[in-house]
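**Student:** structure for the following, please:
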Amino acid sequence: MSAKWRRVQAWDRENLTGPLTPVRYVLHALSSITLAAFLLVGVALYAVLASVPVGLLALIPTWILYILSLLLVSVLPGAITFVLAGRVASGKNMARAPSFLLKVGSFVIVTAAGVFVWVDFVWPAVRYEPATHEGLRLFASFVERYASTTIRRLPAFEMTELEFYAWWPMRAMLMLFTLNLIVATIRRIEFKFVNLGVLTVHTGIVLIALGSVYYQMFKQEGDALLLAGGALQGQIGTGPGPAQAAFYDREDPALWIHAGMDWQQRRIKDLPRYNDYSLNAFTGETIHDLVAPQNEETDAPERTLSVDLNTTRPLTGTDDLSFKVVGFASYAEQSQRWQRVEPARPEGQRQPMRLVYLVAHDLAGTGEPDEEGRRMLWFALAPGDAVSMMHETPEIAVEYAIGMDPERWNDLKTQLPIGAPAGLVVEIPEANYKSVMSPRVGERTPVGNTGWHLTLQQIAPEPPFPIVTPGYEGAKSSIAFVRLEPPLGEPFVRWVYHRFPEISQDLLEQASADGRPMRRDPDRRVRVGFVDATKLQVYFNEDAATGLVDAIVRTPGGVEVREGLAPGSRLREPVPRLSFDLADRWDDARQVEVPVVVPEEQRDGTMVGTYDKAMIAVEVAQQSSGWSEVVWLPFCKYTDVTSLRASSQRALDLPDGRRISLVFGRVQHRLPGFQLRMLDFKMLSYDHRGSPRDYQTLVRVESTDGSFESYDHVTRLNAPLKAPFLWSSARGFAANFVGEIVSHLSPRQYKFSQAGWDRSGWEQSQQLVDQGVIERPRANFTILGVGNNPGIHVIALGGVLMGVGTPWAFYIKPWLLRRQRDKLKAQHADQTQSKQQEAAPKDALEGSLS
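**Tutor:** Numbering: from 1, shown residues only. Have a look, this model is predicted:
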């Protein structure tokens, strides 16, 4: 305890009394070294929580029990033996050495024997086996579930590492530690030259703590996408690109809203990152609400979510609207789900939906017949929608139509030769000819006596090119390629679609001017229908007036027709032990996007917690009409790029006729008083087209407030751009020096480093270089990482002070104290010697007088 601390305590006891007593207690607590030690331990434990998985921490009680069992079996008997051996030695008056050997030897032998007993008998009994779940492990399911999950990823926290370290408990401990250190330094340490080292160390610690808090409060990280000139028009990037006056935050998400004006953002606070919430968040009934009892995979987490996005300053065009995030999928893929529309839309806009179940009539695992049957599969079919009117697997195809074309229905009922994989219904109206044919592939066959001939060239499960006919985009159908030779005229090849005969077309053998085959509508002189019998085919045709359903079931062995099935009835065993239930009917439905969670073992670890694969459910409500709707939004990394935004935005039609568009993206920060423009990009390789060595982007920094002159700068991997301030020869040394100091402390000074580039565009332009079209390869865009480092130099200064003060405190201070001590000793010796010399003559004089 220093003399200064004793004086301070005495002054406190004398002056801080009565009403000021609490002040004395607070000052004493803040002056305590113990408090500083506890706070440092708290910071260390906080860091452990940030990095050590929760499952590993949950193993601590189990290992305590393991260790206690080991101590109980080995150390405790050894200790008892040690005591008993001591009593035996005392009773026999043994000498000290034999007594020590007896006690220690017996302790070691018994303890070692206990360890062997524990290893051979106790440990095998208590050791936990994850495969069989045998043995002792407290919180076993919790440990297994969170074996690699840190506490910041749990649903109660949902933070990144930076957010967790910047959370208020860490800030509070650092601020309290800083205050504790300042108070203790002032009240305990003498402000003397000899204590310069410890004062410097304490000052460094304070600067590190304050700099860390300042850094956590104002730290920003993100990236900016810079486009090259001509990139928006799909041209090779040349010349200056469009200006970029903002960058995207690395971590903060936002909802972007377009309500007739410009795109506007709302920051989404407290949005989860690592766990799923309310995956079944929808407006109204969905198809999965009906089939959930038959589909166990639809079980969703019980966690709910409600993040209000309403602000005191409504965005333009959204005064009467409220926005709320009601669902979150941390890592998911987009899928479609049918949703019921109530009330139904006007006639002509409706999309009916029919639910059909496949029923198996055998007991699971036994093969015994089951009269009632069990529903194995379900099919949500949308008559009138070319894509969703049918569902196909390698073994079965189910199609549902309302008012199918009678001509096609009759073709589908046609009996084919047993075992024939396909059939062609050929009709020549002029000759009043119609027949069913099953020709072999490649065999030229006459069509009766009409003079026509056909050759089945190929049967394919789907066309060689995607269907792009309006109304049929993305639809699938098997197809037959039939070469037809008329009595007069040129032959042609007809593409006959099994599902959609109305879009069949003819390809002429002569080519067009551009070398492609000439296409035309089907020749009316001949009609060809294609019946696919390669698998189990089931067709339902509903009468629009009565609601009754006719069915055709085709197998390679034949065809069966059932008519007049009522809604809710069963098509019983058209195939042995297989039936079909005609279940729910919706007058109007629509497809909505839903998240399908990706299993953890299939996830890319670099994207976990980044929102790159996340989806959110946003509820939009209109207070005036009581209308509300929920829409799921995928993540868009760069919302200001039209092509990326267009694929991610979702539109909602309001009851009053307005339309709003929503995009789930990132918060965008404006750059303070300047903007960037990409001028050029280069990729430098180690050798001729070898691996990349460096990436260089020529960037123009332009002032938007007139505070500085625009300048060009090259950013490299290891030489980032710092803006807006940059040391310039155009300014004097004093202005540059002051600006440099201010920029190191200001959160408005940013560093731009190379973070990404247009690799595919570069490679494509390299091919054009090889062809001699352009002079050198170019990139259409570059991505710059953006970040500021507020307070980092304060932290560095604190580290320097600690580095300087530590050797002073441990080496120079002891040397100064030894020097002062030796000096005092010498002074004391000189004083003693002079006193002795002064006393010697006096003693001699007194002796002579006596």
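**Student:** which stretches of the stretch 551-700 of the chain have low pLDDT?
**Tutor:** When residues are selected by pLDDT under 70, those of the stretch 551-700 of the chain lie in 688-689.
**Student:** now do 90
**Tutor:** Counting by pLDDT under 90, the stretch 551-700 of the chain has low-confidence residues at 555-558, 576-577, 591-593, 600, 605, 623-627, 640-647, 653, 655-658, 683-694.
**Student:** can you show me the strands along it?
**Tutor:** Using DSSP state E, counting those that start in this stretch, the strands of the stretch 551-700 of the chain run over 558-565, 570-575, 578-586, 589-597, 615-622, 627-634, 650-653, 659-670, 674-685, 692-703.
**Student:** which one of those lies closest to residue 206?
**Tutor:** strand 659-670 (30.5 Å; Cβ to Cβ). (Each C-beta comes from the backbone N, C-alpha and C, glycine too.)
**Student:** which other helices and strands does the lengthiest helix in the chain contact?
**Tutor:** Assignment by DSSP state H gives helix 813-849 as the longest helix of the chain. Helices and strands in packing contact with helix 813-849 are listed as helix 196-218; criterion 3 or more Cβ pairs under 8 Å, 6 or more residues apart in numbering; DSSP states H and E.
**Student:** contacting residues for the nearest residue to residue 178 once chain neighbours are set aside?
**Tutor:** Using Cβ to Cβ, 6 or more residues apart in numbering and skipping residues adjacent in sequence, the residue nearest residue 178 is residue 209, 4.3 Å away. By Cβ atoms under 8 Å, 6 or more residues apart in numbering, the residues touching residue 209 are 174, 175, 177, 178, 181, 798.
**Student:** could the strands of the stretch 551-700 of the chain be laid out in TSV, adding mean neighbour count?
**Tutor:** Output for the strands of the stretch 551-700 of the chain, formatted as TSV (neighbours: other Cβ atoms under 10 Å):
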stretch	mean neighbour count
strand 558-565	15
strand 570-575	16
strand 578-586	19
strand 589-597	19
strand 615-622	22
strand 627-634	19
strand 650-653	13
strand 659-670	20
strand 674-685	20
strand 692-703	17
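**Student:** quick one: closest of the ones you listed to residue 38.
**Tutor:** That would be strand 659-670 among the strands of the stretch 551-700 of the chain, by Cβ to Cβ, at 37.5 Å.
**Student:** just the angle between that closest one and strand 627-634, please?
**Tutor:** 50 degrees (axes from the mean of the first three to the mean of the last three Cα atoms, to 10 degrees).
**Student:** circling back: out of the contacts of residue 209, flag the one nearest to residue 585.
**Tutor:** Distances from residue 585 to those, taken by Cβ to Cβ, are shortest for residue 174, at 64.2 Å.
**Student:** can you check the pLDDT for residue 252?
**Tutor:** On pLDDT, residue 252 comes in at 93.
**Student:** ok, it touching residue 270?
**Tutor:** No - in this structure residue 252 lies outside contact range of residue 270 using Cβ atoms under 8 Å: 10.9 Å.
**Student:** looking at these two, which is more packed in?
**Tutor:** When neighbours are counted by other Cβ atoms under 10 Å, residue 252 and residue 270 differ, and residue 252 comes out ahead with 18 against 9.
**Student:** show me which of the contacts of residue 209 are buried.
**Tutor:** Buried members of the contacts of residue 209, counted by 16 or more other Cβ atoms under 10 Å: 174, 177, 178, 181, 798.
**Student:** what's near enough to touch the last one?
**Tutor:** Read that as residue 798. 203, 204, 205, 206, 207, 208, 209, 211.
**Student:** the same query, at a cut-off of 10 Å, please.
**Tutor:** By Cβ atoms under 10 Å, 6 or more residues apart in numbering, the contact set of residue 798 is 201, 203, 204, 205, 206, 207, 208, 209, 210, 211, 212, 791.
**Student:** which residues does the nearest residue to residue 724 once chain neighbours are set aside bridge with?
**Tutor:** Once flanking residues are discounted, residue 724 sits nearest to residue 674: 4.5 Å by Cβ to Cβ, 6+ apart. Taking DSSP bridges as the rule, residue 674 bridges to residue 703.
**Student:** and residue 545, backbone torsions?
**Tutor:** phi -90, psi -50 (degrees, to the nearest 10).
**Student:** and the helix or strand encompassing residue 426, what other elements does it pack with?
**Tutor:** Following DSSP states H and E, one finds residue 426 within strand 422-428. Under the contact criterion of 3 or more Cβ pairs under 10 Å, 6 or more residues apart in numbering; DSSP states H and E, strand 422-428 touches helix 406-412, strand 433-437, strand 453-460, strand 479-485, strand 527-532.
**Student:** direction included, what does that strand pair against?
**Tutor:** Strand 422-428 has its sheet partners listed here by DSSP bridges as strand 433-437 (antiparallel), strand 527-532 (antiparallel).
**Student:** state the mean pLDDT of that strand.
**Tutor:** Rounded mean pLDDT across strand 422-428 is 94.
**Student:** that one vs strand 453-460, what angle?
**Tutor:** 140 degrees.
**Student:** distance from strand 422-428 to the middle of the chain?
**Tutor:** 54 Å (Cα atoms, centre = their mean, to the nearest Å).
**Student:** how far does stretch 370-377 sit from its chain's centre?
**Tutor:** Centroid separation between stretch 370-377 and its chain, computed with Cα atoms, centre = their mean, is 40 Å.
**Student:** residues in contact with that stretch: which ones?
**Tutor:** Around stretch 370-377, the neighbours that count as contacts under Cβ under 10 Å, 6+ apart are 291, 293-295, 356-364, 391, 393, 396, 398, 570, 572-573, 577-581, 583.
**Student:** which parts of that stretch are buried?
**Tutor:** 373, 375, 377.
**Student:** apart from its neighbours in sequence, what residue is nearest the second one?
**Tutor:** Here the nearest residue to residue 375 in space, its sequence neighbours aside, is residue 357; by Cβ to Cβ, 6+ apart that works out to 4.4 Å.
**Student:** show me what that neighbour is bridged to.
**Tutor:** Beta bridges link residue 357 to residue 378, residue 581, judged by DSSP bridges.
**Student:** any idea of the pLDDT on residue 361?
**Tutor:** 88.
**Student:** what about it, which helix or strand?
**Tutor:** Using DSSP H and E, residue 361 falls in strand 353-362.
**Student:** quick check: domain ranges of this structure?
**Tutor:** 3-156, 193-216+794-849, 221-229+671-789, 246-350+589-670, 422-531 (automatic domain parsing).
**Student:** and of these, who's closest to residue 414?
**Tutor:** Of all the domains of the chain, domain 422-531 comes closest under Cβ to Cβ, at 5.2 Å.
**Student:** what distance separates the start and the end of that closest one?
**Tutor:** From its first residue to its last, domain 422-531 covers 6 Å (Cα to Cα, to the nearest Å).
**Student:** next, format the strands of the stretch 551-700 of the chain as CSV and append distance to residue 458.
**Tutor:** Listed next are the strands of the stretch 551-700 of the chain as CSV, based on distance: least, Cβ to Cβ, whole Å:
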stretch, distance to residue 458
strand 558-565, 24
strand 570-575, 28
strand 578-586, 31
strand 589-597, 33
strand 615-622, 41
strand 627-634, 39
strand 650-653, 41
strand 659-670, 45
strand 674-685, 46
strand 692-703, 46
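**Student:** to residue 325, which of the ones you listed lies closest?
**Tutor:** strand 615-622 (5.3 Å).
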